[in-house]
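just to be clear, the model below is a prediction. Sequence and coordinates:
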Amino acid sequence: MARYKTIDTSPRFLAVDLERQLLPGTFEHAIHHLLDHEIDLSALDARYRNDATGATAYPPATLLKLVLFAYSQGIVSSRAIERMCREHVVFIALSGDSQPHFTTIAAFIRNLGDAIATIFAQVLLICDRQGLIGREMFAIDGVKLPSNASKQRSGTRAGFQHQADKLEAAAKKMLERHRSEDEGAPEPDPDTKARKRIEGLQRDAAQLRQWLADHPQDRKGPGGKLRKSNRTDPDSAKMATGKGVVQGYCGVAAVDARHQIIVEAQAHGTGSEQELLIPIVDALAQHMDAKTLLTADAGYHSEDNLKALDERGIDALIADNAMRKRDERFADQAHHQQGADPLHDKSAKADKPGVYKASDFIVAPDQTHCICPAGKTLYRNGKDCMVGNYTATKFRGALKDCVGCPLRANCLRKPEATKTRQVAILTRRADAPISHTERMRRRIDSQRGREQYADRFATVEPVFGNVRHNKKLCRFTLRGRRKVDIQWKLYCMVHNIEKLANNGYAR
């Protein structure tokens, strides 16, 4: 019989050089070198008052190393980070074989406060020093993520008042029913299960009453618009996403086009991206130069935003909602979209389509022709024509294309009497100046504008793919905008440090 060496996998003491576990070129080596030699953490040192008395504290650099490396591995739980400090050799090397308690790690993240912005800015300076920031184009976009808040606890004060009334009425009705059933008993007493149910209803109603007393005013948005409040996390908001409505925050990032460095990161508790554009543009002012171009998608488009950018003298390309309809490159985009699940689609069914409208025709950037729904060309036969109080460009179809068209019944109101289709595309009011929206539309429809805007997709979308898929950020685990903003900046900092590591930093 063959004889083999004994392989013993039982625990034992091994001599391990922790420093050599952090290999040059890796993310963990980059954060180790960065926080030990580059980043000034004196703002965090000022929090401790144990110079003469009290227990010793874990160095802020060590805790920050653990948090950043954990986030890079998709580990968010402070309990999991504590466990990794006992079991994972890289965590052991970064912590110097110390095991911070999970409450220490959680409190450190929660209390970073304004210091995180200073640390984020220092990492940006190092990225700039390494030549990773080009300042040619900044692409702005956001991702809506659920937070540690219940969507069912969201509503207005009137809704909460009505809910409290219903809970109290239900508890009262249950008590009255038990009293009537036990009318002949000397001491009416509902059974244990029913009693717990009644106590739960009364407790929920009391919590609602207390919340209403603590918050005498409804939450208001810009312009005094009423917004729903959330009793779990008042700073969060209900937001519509491609996968339904979530209760959470919108993480906004501005990404440089050269090496996809995130130059600004903010988290906001609102689903309206339009009101987030100007705050992030103002924060970007210190990073921009005269040639920097800002790009954003249609979610950030509004006449007021374009006017504010023009007043600041900022060069920007912001798409409008109809941009893709005008661009023939997106003509087949509907084929790549996932259809609605018929078992879960509760939306109203669309009415039977009528005659094609002017918006169904795709106008060429030079306005010399347009394309009808059948794919035929209608040529311009009038420019700056008056239609009511508006100027318009008119187009007319060719007789050979319209007579035998299979869509003729859907295109003409009287197909038996009308030979060819005519369409008038309204441009602007005759007595009104050209709006900022119209100027932006003309610019983004130009050949140069399309080329510049196309660069936005390759700039910002891979960043969100890295943060969400590779780093597994599927939700924010903290409550309150201030704390969620800390967590979002930490994830964006992980992305930037990873870029430093991949481009030869500290090798």
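Alright, I've got the coordinates. Numbers count the residues shown, from 1 in each chain.

can you show me the strands along the stretch 301-450 of the chain?
Along the stretch 301-450 of the chain, the segments classed as strands by DSSP state E, counting those that start in this stretch run 315-318, 362-363, 369-371, 377-387, 390-397, 422-429.

out of these, which is closest to Asp304?
strand 315-318 (11.8 Å; CB to CB). Glycine gets a C-beta too; all of them are placed from N, C-alpha and C.

name the helices or strands packed onto that closest one?
On a contact count with 3 or more CB pairs under 8 Å, 6 or more residues apart in numbering; DSSP states H and E, strand 315-318 meets strand 293-296, helix 303-312, helix 436-445, helix 447-465.

distance from the shortest one to the middle of the chain?
Spelled out, that is strand 293-296. Strand 293-296 has its C-alpha centroid displaced from the chain centroid by 17 Å (CA atoms, centre = their mean, to the nearest Å).

strand partners of it, parallel vs antiparallel please.
Strand 293-296 pairs in its sheet with strand 137-146 (parallel), strand 315-318 (parallel), by DSSP bridges.

can you redo these as JSON lines with distance to Thr26 and mean neighbour count?
Below are these laid out as JSON lines (distance: least, CB to CB, whole Å; neighbours: other CB atoms under 10 Å):
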{"stretch": "strand 137-146", "distance to Thr26": "27", "mean neighbour count": "22"}
{"stretch": "strand 315-318", "distance to Thr26": "37", "mean neighbour count": "20"}
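
can you put those strands in TSV and add distance to Ala257 and mean pLDDT?
Below are those laid out as TSV (distance: least, CB to CB, whole Å; pLDDT from 0 to 100):
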stretch	distance to Ala257	mean pLDDT
strand 137-146	4	94
strand 315-318	12	94
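
now these in CSV, with distance to Lys376?
Shown next, in CSV, are these (distance: least, CB to CB, whole Å):
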stretch, distance to Lys376
strand 137-146, 36
strand 315-318, 31
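
ok, Ala164 - contacts?
Residues near Ala164 by CB atoms under 8 Å, 6 or more residues apart in numbering: Ala205, Leu208, Arg209, Leu212.

what's the farthest-apart pair in these?
Ala205 and Leu212 (10.6 Å).

ok so, going back, indicate which one of the strands paired with strand 293-296 is closest to Leu125.
Leu125 lies closest, by CB to CB, to one member of the strands paired with strand 293-296: strand 137-146, at 16.7 Å.

now the angle from the closest one to helix 447-465?
If you take axes from the mean of the first three to the mean of the last three CA atoms, to 10 degrees, strand 137-146 sits at 40 degrees to helix 447-465.

strands paired with the helix or strand following strand 137-146, and their directions?
Going down the chain from strand 137-146, the next helix or strand is strand 154-155, by DSSP states H and E. Its sheet considered, strand 154-155 pairs with strand 229-230 (antiparallel) by DSSP bridges.

any idea which of the helices and strands packed on strand 315-318 is most buried?
Comparing the helices and strands packed on strand 315-318 by mean neighbour count (mean count of other CB atoms under 10 Å), strand 293-296 ranks first with a mean of 24.

export it to CSV, keeping only CA atoms.
Taking C-alpha atoms only, strand 293-296 is exported to CSV below (Å, rounded to 0.1, in the frame of the first residue of the first chain):
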residue,chain,number,x,y,z
LEU,A,293,-17.7,70.7,-20.5
LEU,A,294,-20.5,69.4,-18.2
THR,A,295,-22.8,66.7,-19.5
ALA,A,296,-26.0,65.3,-17.9
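
quick revisit: turn the contacts of Ala164 into TSV, including neighbour count, pLDDT and distance to Lys193.
Listed next are the contacts of Ala164 as TSV, based on neighbours: other CB atoms under 10 Å; pLDDT from 0 to 100; distance: CB to CB, whole Å:
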residue	neighbour count	pLDDT	distance to Lys193
Ala205	19	87	19
Leu208	22	86	23
Arg209	15	87	25
Leu212	14	86	29
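
what's the longest strand belonging to the chain packed up against?
For the chain, the strand that runs over the most residues, judged by DSSP state E, is strand 244-256. Here strand 244-256 touches strand 137-146, strand 237-241, strand 262-268, helix 277-284, helix 447-465, helix 481-502, going by 3+ CB pairs under 8 Å, 6+ apart.

so the third one versus strand 237-241, what angle?
If I follow you right, that is strand 262-268. Strand 262-268 and strand 237-241 are oriented at 120 degrees to each other (the same axes, to 10 degrees).

can you name the residues in contact with strand 262-268?
Applying CB under 8 Å, 6+ apart, the external contacts of strand 262-268 come out as 120, 124, 133, 138, 249-256, 276, 279-280, 283-284, 287, 463, 476, 481, 484-485, 487-489, 492, 495-496.

on the three-state scheme, Gly74 is what?
Under DSSP: H, G, I helix; E, B strand; the rest coil, Gly74 falls in the coil class.

once you drop chain neighbours, what's closest to it?
Ranked by CB to CB, 6 or more residues apart in numbering and with sequence neighbours excluded, the top spatial neighbour of Gly74 is Lys472, at 3.2 Å.

need phi/psi at the one you found.
Geometry field for Lys472 lists phi and psi as phi 60, psi 40, criterion degrees, to the nearest 10.

for it, give its distance to Leu145.
For Lys472, the distance to Leu145 (CB to CB, to the nearest Å) stands at 12 Å.

circling back to that earlier point, and the strands of the stretch 301-450 of the chain as JSON lines, adding distance to Arg197?
Below are the strands of the stretch 301-450 of the chain laid out as JSON lines (distance: least, CB to CB, whole Å):
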{"stretch": "strand 315-318", "distance to Arg197": "54"}
{"stretch": "strand 362-363", "distance to Arg197": "61"}
{"stretch": "strand 369-371", "distance to Arg197": "64"}
{"stretch": "strand 377-387", "distance to Arg197": "66"}
{"stretch": "strand 390-397", "distance to Arg197": "64"}
{"stretch": "strand 422-429", "distance to Arg197": "62"}
